[in-house]
Each structure stands twice: as structure tokens, then as C-alpha cells.
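Undergrad: Build me a model from this:
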Amino acid sequence: MLLNWLSRRLAAYLSKQIKCHSVRTSTWAAIQASIKPGDVLLVEGNTRISTAIKYLTQSTWYHAALYLGPESLGVAEDGEEHVLVEADLEEGIRSLPLSFYRNFHTRICRPVGLNELDIRKLINYSKSRLGHQYDLKNVWDLARYLCPTPPVPTRYRRSMLALGSSDPTRAICSTFIAQGFQSIRYPILPERLADSDDDADSDAQRREYFRIRHHSLFAPRDFDASPYFDVIKPTLEQGFDYRQFQWAE
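TA: Presented below is the predicted three-dimensional model:
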């Protein structure tokens, strides 16, 4: 009982927003017009835990949400249509409107080649998981994030995400979304890619990178790094012409 209470308090502390400088690279209108069902929305984040996650994964991205599209989740009490599903540290798996991340630095990663049946399976999987609550009683899985930049060698930072490998870890990482793609047998970062590099340092990092795959632990950067996801830049999608760019004199 005490550990469960302590974990809840710790989760609330780590989820608090902090001030940080973030540069948005797309307009809100361009994001709305570009994102499609099945896309993964990566978020830079501005919480206490986001600093640690970005440091450990050596990435800009702390969080990931799955875009299901309009008419998939209905309209919430606030009257806004929910189109995103994500795993939240405090609330578990929940739905959100796209505008929740309107003022965040984001990136759209699109799985290539999905058909309507695949997307429908992803939607059904996500909806079936809504409301799932994570058991946060393993306080040690959360305590590791109290130090945003732990003094560990670069090659071992990523493996710190696998410490404990319990529900708090899955709530923080992108396991929920990764399992959705695994359910339709869509690759993210399969292990065989680690055999194609002759660079010893790179090979060592990749071995560490793939070693934790059996825990089903995926970080947001995996979708960005995956060769099977296209990075969508909303500004370019809407027809960018540098000749029309307005420079300040």
C-alpha cells in the first residue's frame, strides 16, 4: 500500500511540466492537413521525466501517440473530437484531441504501405486498450528518472529503460503503439538490421539497441529511426516554395 502510494506521488511529480525552450517547425494548420490515420505523432515534451527519457534515448523525442483519425473515438465531454491514443504515466491508455499537442514540437512518422484493413486493425486494437491502467507499485522503476542525466556511459544509457521492465516502464515507453504494429506484423526495427554494419562502435551500439527488444521496449525515437516509417514534414506537404518565403528586411 505504501509503495503504491509513493509510486503514484512520484508519477505525478515526474509528469509535472517544466519550462523549456522548444521550436515548432510546422504550423497548426499544416499538421492538421497532413496527418493521416495510422501515423505516429512524436512529441518533444516538457515534463520532468521527458528530460531523462530524451537523454537516455539520445533523441529529441520523449513521447509518442497514435493518430486514429476522425470518427474513430467519438466526441469527448469538452465537445472536441478525440483522434489520438497514447499511454500516459498517470492515466494509462487514453484518447486525446489532436489540439492537445498544438503548441508542442512534433514529428509525424508514417508507416509505408498500410491498407485500409491494416489501419482498421490498428484502430480496433487501440480502442480495445482504452482505459487500461498501469500498475505503478514498482517505485524503483520510476525512481531512476529522478536524475535527468544519470552519469552512465553512452552505450548503456538506452539499457536503463529496461531496468525492471515492469508496468511503469511500459507506461513511459512506446510499447503500446509498438504492440499495435506488431499485431499486424508491421516492422519497426527488426534485429536483422544489426548485421549490416562493419563499424565496430556502431555495431556495439546496435547490439545494445536490439538486445532489449525481447522486453518489447520501444522508445519514440525508434519510429523516427525506422527505415519503414516515412518522416512527414507538414510544411513541405502543403506545397512549399522558397521563392514565396517572406524574409524580414
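Undergrad: what's residue 66 sitting at in phi/psi?
TA: phi -100, psi 130 (degrees, to the nearest 10).
Undergrad: ok, it touching residue 180?
TA: Yes. Using Cβ atoms under 8 Å, residue 66 is in contact with residue 180, at 6.6 Å. For the C-beta atoms, the positions are set from N, CA and C on the backbone; glycine is no exception.
Undergrad: Is the spatially most central residue of the chain within a helix or a strand, and which one?
TA: Per Cα atoms, centre = their mean, the C-alpha nearest to the average position across the chain is that of residue 64, at 2.0 Å. Secondary structure from DSSP states H and E places residue 64 in strand 63-67.
Undergrad: could you dump the helix or strand that that strand is followed by to CSV, C-alpha only?
TA: Following strand 63-67 in sequence order, the next helix or strand is strand 84-88 (DSSP H and E). What follows is strand 84-88 as a C-alpha-only set of coordinates in CSV (Å, rounded to 0.1, in the frame of the first residue of the first chain):
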residue,chain,number,x,y,z
LEU,A,84,-5.2,10.3,-30.7
VAL,A,85,-4.5,7.3,-28.4
GLU,A,86,-1.5,7.3,-26.1
ALA,A,87,-0.1,5.6,-23.0
ASP,A,88,0.1,8.1,-20.1
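Undergrad: by contact count, what packs against the next helix or strand after strand 84-88?
TA: Sequence order places strand 92-96 as the next helix or strand after strand 84-88, per DSSP H and E. Using 3 or more Cβ pairs under 8 Å, 6 or more residues apart in numbering; DSSP states H and E, the elements in contact with strand 92-96 are strand 84-88.
Undergrad: Just want the angle from the strand it packs on to strand 63-67.
TA: Orientation of strand 84-88 against strand 63-67 (axes from the mean of the first three to the mean of the last three Cα atoms, to 10 degrees) gives an angle of 150 degrees.
Undergrad: Thought residue 152 was touching residue 160, still the case?
TA: Yes. With contact defined as Cβ under 8 Å, residue 160 and residue 152 form a contacting pair (6.6 Å).
Undergrad: okay, these two: which has more neighbours?
TA: Legend: neighbour count by other Cβ atoms under 10 Å for residue 160 and residue 152, higher for residue 160 (17 against 14).
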